[in-house]
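In: one predicted model, sequence on top.
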Amino acid sequence: MSVQPMSPFFKEIKKPVKLTMTGNYAVAGAVSQTDPDVICAFPITPQTQSVEGLSDVVNHGKLKAAFVNVESEIAACAFSTAACAAGARTFIATASQGLLLMTECLPMAPGWRVPLTMMISARAFNSPNLSIWNSWEFTLISGMGWNTIVSENVQETYDAAIISSKISEDSLFPTQFVHDGFIISHSAQKFFAIPDEDVLKYTPKKPRHHINTEKTGTWGGIVTPDYFGEGRLALELEKNKVLPIMDNAFREFEKMTGRSYHSIEIYNLDCSSKTVFLTMGSMCGNILTWMENNKDVGLIKLRTWRPFPTEQLIKIIEDNKIEKIIILEKDDDLSGILPPVGQSVASALFGLNVVLRSFIVGLGGRDVTKDEIEYAAKKMKPITDNRGKLYDYLGVRETKDKMWEVRF
Amino acid sequence: MAENKENIPKYLVRFHGRGGQGAVTAAQLCSMAFDGPATCMPTFGAERMGSPVASFVRMSKDYSKVRTNEQVYSPQYSCILDDTLLEDVDCTAGIVPGGYLIVNTCKPYEEIREIIDKNNPPEINVALIDATNIALEYLGRNITNTLILGALVKVAPQIFTLDELITAIGDQFNPKIAQKNMDAIKTVPDATKIYPCDDKVKISFEKDYKKEWSHIGLGKLGAAELDKAGVWYTDVIDGGSTRVNTGSWGVSYASFHPEYCIQCGNCVFICPDLCIEREFRDNKWQIVGVDVFHCKGCENCVEVCPGKKDKETGEKHKALTMVMKC
């Protein structure tokens, strides 16, 4: 091969180093630094290069991990969950239809409390047609007990791969980290890699429960109505402790690298119009560049998507006296109610006196430019209550010569 | 302070190539060579070898200007790796007045200018470089992505220097290929010919020239005009490859021999590019030929064709065979 994208990770990284890589390869590098024992994933666009990159590092001999080839995503997920239950640090990656095929296996990892780590290159579902480009399919089947963090650029997704590994181990709930397919996964950006030694110190392998012959048990056996509800409540009680664990992981990461992350990141919230954008992923970058020349609007960036940081969001809204929220999201639900991000925000802020509208943008890889951002900000100005339709599509054609007019 | 920040230039470069020519790698090399924040992103259309692809680079010393993940709509520099693309796509689309069009070609300037002017671009400079010949001489293959960057250094020395570019190439490729590229690239700046435009037109590195909603593409069907959204009836919406000719990269195409066709229709269903042409004759659809402009030579149709025995010789012949392009 003439190009060797993973070569910086073939040898030990001894001090912080500046690299230029695509999002997927950066993730592969980060995962190789966290020293996984088992890597098992099935390739699907736009996730492919992350696993490809890892196979390169394993083949080169730097990473001593079992690289397991399987026949489908459901096999990958079943295999990984079981490997993780057996005590291995396990990495898995997928997107779109692959995530759908995994759905049957997804709830098992939180049920067994095994710290699996999964990368998702967000891509659209195949409806109405096949699309390999970016939408937020993961929002439609998120939950089930998986932690989810979303990244804006290559640096963040590189860091997220390392942070996720720690969150998984500390919380004993599996963690997904998401970046936008193609927009980040195939975009080459500069980022700083962390020395191997620091990464291993940050993500130590701790003793935890696993399948063994000393302490035997049934993993995933049948449970009668006598116990199922109690089991679910036990999960819920433990899940409530995850957000502080995530915040702690972010804090310790900042101590190590100086790069500061939070479950919710805020920009320019003391703006004059008391209106903020709320979104996550790569779009935040677009909004921040646009905000350079438009200082009267703020931005709330969700870094943690699941568990939803409800209390932090309420506190931010109340402390900054925010009146209006413009939600931008790359998913729709065809269900007559707010789309997934809108649903989560609305239910988190239920009872607060805040006006919100959800704009569905950038479906199937369409670019979200300053036009959409400007339009949404303008459209929000006259709106003063939460009556009527709360969401609409933005940036699509109604007919050959006319754009779809947002109707609230 | 704030005033200074606004003056920090933002460089936008677009690369046009065909799948496999390395336009994406060129963009990556650009962002690696630039000393400061830079992002580069490809557009992924039809991901097949030979179809037109574009990639972008956004570079600025001011991080907030390149934090956006938008694509580049108004580049200052547009680099074309293959001059046949000038006919297929509008390589000057959105280019800023006073910007540069850098073309790999062996044709004379007048001929190139004639093709460019069909799209009515603003006042722009043109730089021509016969990179293919240099590539064949030094690399032995027609891969011109690194060489076009040498021409970019000639027209825009303020972005990065030839030395920075050579360092980036050394980081990206394995040593053997890197060395060949480095040797080749040193000859490029001298071989680049620049045809400047009216010198009153000053190029702007700060202003954003994007036209409103230009990224959506009005003129294509809208939501209200789609019948069943998930079903693309071919008489309403063209497939991706019907809009773009295969071009010079295809080495062979299928040829149709009606005398051996039994009208089974196998080829119609297997052709990935809808190249088997049919006509409605005698109350039924009949296969009449192959659309050679869009056939990419995958041979699937030849594979599935059952063929027919020749009446005289008794030998079995297929109705579709591959023909080499000359």
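Out: Looks like it arrived, so ask away.
In: neighbours of residue 123, how many?
Out: In the absence of a named chain, this looks at chain A. 30 (other C-beta atoms under 10 Å in any protein chain shown). All C-beta atoms are positioned from the backbone trio N, CA, C, and that covers glycine.
In: please go with chain B instead
Out: As a burial measure, B:Glu123 scores 11 neighbours (other C-beta under 10 Å).
In: now it: how far from B:Asp90?
Out: 16 Å (C-beta to C-beta, to the nearest Å).
In: cool, and A:Gln189?
Out: To B:Asp90, A:Gln189 is 28 Å away according to C-beta to C-beta.
In: those two: which is more packed in?
Out: Set side by side, A:Gln189 and B:Asp90 show unequal neighbour counts under other C-beta under 10 Å, the larger going to A:Gln189 at 26 against 16.
In: which residues does A:Thr148 contact?
Out: A:Thr148 is in contact with A:138, A:142, A:175-178, A:304-306, counting by C-beta atoms under 8 Å, 6 or more residues apart in numbering or on different chains.
In: out of these, which comes closest to chain B?
Out: Using C-beta to the nearest C-beta, A:Val178 is the member of these that sits closest to chain B, with 14.4 Å.
In: I figured that closest one hits A:Phe138, correct?
Out: Yes. Under the criterion of C-beta atoms under 8 Å, A:Val178 is in contact with A:Phe138, at a separation of 5.7 Å.
In: need the overlap of contacts for those two.
Out: With C-beta under 8 Å, 6+ apart as the test, A:Val178 and A:Phe138 both reach A:120, A:122, A:148.
In: take these and keep only those in strands.
Out: Filtering the shared contacts of A:Val178 and A:Phe138 for membership in strands, criterion DSSP state E, returns A:120, A:122, A:148.
In: so which residues on the stretch 151-300 of chain B come close to chain A?
Out: Applying C-beta under 8 Å from any C-beta of the partner chain, we find that the stretch 151-300 of chain B lies next to chain A at B:172-174, B:177, B:208, B:210, B:212-213, B:215-216, B:218-225, B:229-230, B:232.
In: strands - which of those land there?
Out: Within those, membership in strands is found for no residue, as judged by DSSP E.
In: PyMOL command for the buried members of those?
Out: In PyMOL, selecting the buried portion of these, with burial taken from 16 or more other C-beta atoms under 10 Å in any protein chain shown, looks like this:
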select buried, chain B and resi 172+173+177+210+215+216+222
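In: give me the element the nearest residue to A:Ile120 once chain neighbours are set aside is part of.
Out: Closest residue to A:Ile120 apart from its sequence neighbours, by C-beta to C-beta, 6 or more residues apart in numbering or on different chains: A:Val178 at 4.6 Å. Secondary structure assignment for A:Val178, by DSSP states H and E: strand A:175-180.
In: packing partners of that strand?
Out: With contacts taken as 3 or more C-beta pairs under 8 Å, 6 or more residues apart in numbering or on different chains; DSSP states H and E, strand A:175-180 sits against strand A:117-122, strand A:147-150, helix A:154-171.
In: toward the C-terminus, what is the element adjacent to it?
Out: Once the chain leaves strand A:175-180, the next helix or strand it forms, by DSSP H and E, is strand A:188-193.
In: helices or strands up against that next one?
Out: With contacts taken as 3+ C-beta pairs under 8 Å, 6+ apart, strand A:188-193 sits against strand A:17-22, helix A:23-33, helix A:154-171, helix B:23-33, strand B:38-42.
In: what pLDDT does B:Ile262 get?
Out: In the predicted model, B:Ile262 carries a pLDDT score of 93.
In: dihedrals phi and psi, the nearest residue to it once chain neighbours are set aside?
Out: Of all residues not flanking B:Ile262 in the chain, B:Lys308 sits nearest, at 5.5 Å (C-beta to C-beta, 6+ apart). In this entry, B:Lys308 is assigned phi and psi values of phi -150, psi 150 (degrees, to the nearest 10).
In: can you tell which of the helices and strands packed on strand A:188-193 is closest to A:Met6?
Out: Closest to A:Met6 of those is helix A:23-33 (C-beta to C-beta; 6.3 Å).
In: and the closest one with strand A:175-180, angle?
Out: 160 degrees (axes from the mean of the first three to the mean of the last three C-alpha atoms, to 10 degrees).
In: that older thread, which one among the contacts of A:Thr148 sits at the bottom for pLDDT?
Out: Of all of the contacts of A:Thr148, A:Ser142 carries the lowest confidence score, 83.
In: could you pull out the helices in the stretch 151-300 of chain A for me?
Out: Chain-ordered helices for the stretch 151-300 of chain A, with DSSP state H, counting those that start in this stretch as the definition, fall at A:154-171, A:196-202, A:228-239, A:242-257, A:283-291.
In: for these, which one ends up most surrounded?
Out: Ranked by mean neighbour count, the helices of the stretch 151-300 of chain A are led by helix A:154-171 with a mean of 25 (mean count of other C-beta atoms under 10 Å in any protein chain shown).
In: helices or strands next to it in the packing?
Out: Under the contact criterion of 3+ C-beta pairs under 8 Å, 6+ apart, the helices and strands touching helix A:154-171 comprise helix A:23-33, strand A:117-122, strand A:147-150, strand A:175-180, strand A:188-193, helix A:196-202, helix A:242-257.
In: can you redo these as TSV with distance to B:Val53?
Out: Written out in TSV, the entries for the helices and strands packed on helix A:154-171 read as follows (distance: least, C-beta to C-beta, whole Å):
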stretch	distance to B:Val53
helix A:23-33	18
strand A:117-122	19
strand A:147-150	28
strand A:175-180	19
strand A:188-193	15
helix A:196-202	35
helix A:242-257	35
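In: what's the neighbour count on residue 18?
Out: This is for chain A. The local packing count at A:Lys18 equals 8, with neighbours defined by other C-beta under 10 Å.
In: actually, chain B is the one I wanted.
Out: Residue neighbour count, defined by other C-beta under 10 Å, stands at 22 for B:Arg18.
In: same check on the one 4 residues further on?
Out: Counted with other C-beta under 10 Å, the neighbours of B:Gly22 add up to 23.
In: and B:Leu128, which of the three is it?
Out: With DSSP: H, G, I helix; E, B strand; the rest coil as the basis, the three-state label of B:Leu128 is strand.
In: dihedrals phi and psi, A:Lys321?
Out: phi 50, psi 50.
In: contacts only, for it.
Out: Taking C-beta under 8 Å, 6+ apart as the contact definition, A:Lys321 lies against A:Lys274.
In: which residues in the stretch 301-408 of chain A form helices?
Out: Secondary structure of the stretch 301-408 of chain A (DSSP H, counting those that start in this stretch): helices located at A:310-319, A:340-348, A:370-380.
In: B:Leu101: which of the ones you listed is closest?
Out: helix A:370-380 (25.2 Å).
In: in that closest one, which residues are buried?
Out: Of the residues in helix A:370-380, those scored as buried under the neighbour-count criterion (16+ other C-beta under 10 Å) are A:370-373, A:375-377, A:379-380.
In: list the buried residues of stretch A:382-396.
Out: A:383, A:390-395.
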